[in-house]
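[1] what follows is a predicted protein model with its sequence.
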Amino acid sequence: MNVALKAENKNLLISRYQTAGEIAATILKAIEMSKQASDYIAPKFYNEDRIKTAKLIFYFCKNAIPYKKENAQRQTAKTVSRILQDAQLKGGDCKHYATISAAICKSLNIPVKLRLISQNYYDTSPTHIYCVAKINNKDIIIDAVLKNFNEEARYNYKYDIKL
């Protein structure tokens, strides 16, 4: 295994109470810690057509990392290397898809942000996160939790974090 993809044997436990803000901050830290690994794998997703690049990232996450929702009391953020190493045994959830998608986009100089949403009409607290790439002045959704590329979940509240 390439040294850039070798995972350290640790997960980043988000916090004791795991608020949406703490989750987002820990994901941002995981993305930054993933620079070497994402720089190494990003060229495999490169296409002159950046929308095709985003689509390749979406299908990679969808096919290589089985969706498995984490326990609400034990949410983790993982580096790209850890996500890839854990993929078949432990799968990943929206946080892990957002991390790997955003890290690869950053490595390919595609402007990107994380979008946190709440689908609850009475609660603004986010319950889902995904990557939004800015391509040709349009938001392109990379959310491997959903069935289709560039599909966005319905939401009542959203919060964007630019990277």
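    Happy to help now that I have it.
[2] in three-state terms, label L116 for me.
    Reduced to three states with DSSP: H, G, I helix; E, B strand; the rest coil, the structure at L116 is strand.
[3] what is the burial count for it?
    Using other Cβ atoms under 10 Å, the number of residues around L116 comes to 23. Glycine gets a C-beta too; all of them are placed from N, C-alpha and C.
[4] ok, the closest residue to it other than its chain neighbours - contacts?
    Nearest non-adjacent residue to L116, counting by Cβ to Cβ, 6 or more residues apart in numbering: P126, 3.6 Å away. Residues in contact with P126, defined by Cβ atoms under 8 Å, 6 or more residues apart in numbering, are 20, 24, 116-118, 157, 159.
[5] what do you get for I31?
    38, 99, 102-103, 106, 163.
[6] mind picking out the helix or strand in the protein with the poorest mean pLDDT?
    Using mean pLDDT, DSSP states H and E, the weakest-scoring helix or strand in the chain turns out to be strand 12-13, at a mean of 56.
[7] all strands of the protein, in order?
    Remark: strands assigned in the chain by DSSP state E are 12-13, 76-77, 112-118, 128-135, 138-142, 157-162.
[8] go through those strands and name the closest to S34.
    S34 lies closest to strand 76-77 among the strands of the chain, at 10.3 Å (Cβ to Cβ).
[9] beta partners for Y159?
    With DSSP bridges as the criterion, Y159 is bridged to L116.
[10] change the start of the numbering to 133 and stick with it
    OK, 133 is where the count begins now, so the last one is Y291.
[11] buried members of the contacts of I163 into PyMOL, please.
    In PyMOL syntax, the buried subset of the contacts of I163 is picked out as below (16 or more other Cβ atoms under 10 Å):
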select buried, resi 170+231+234+235+238
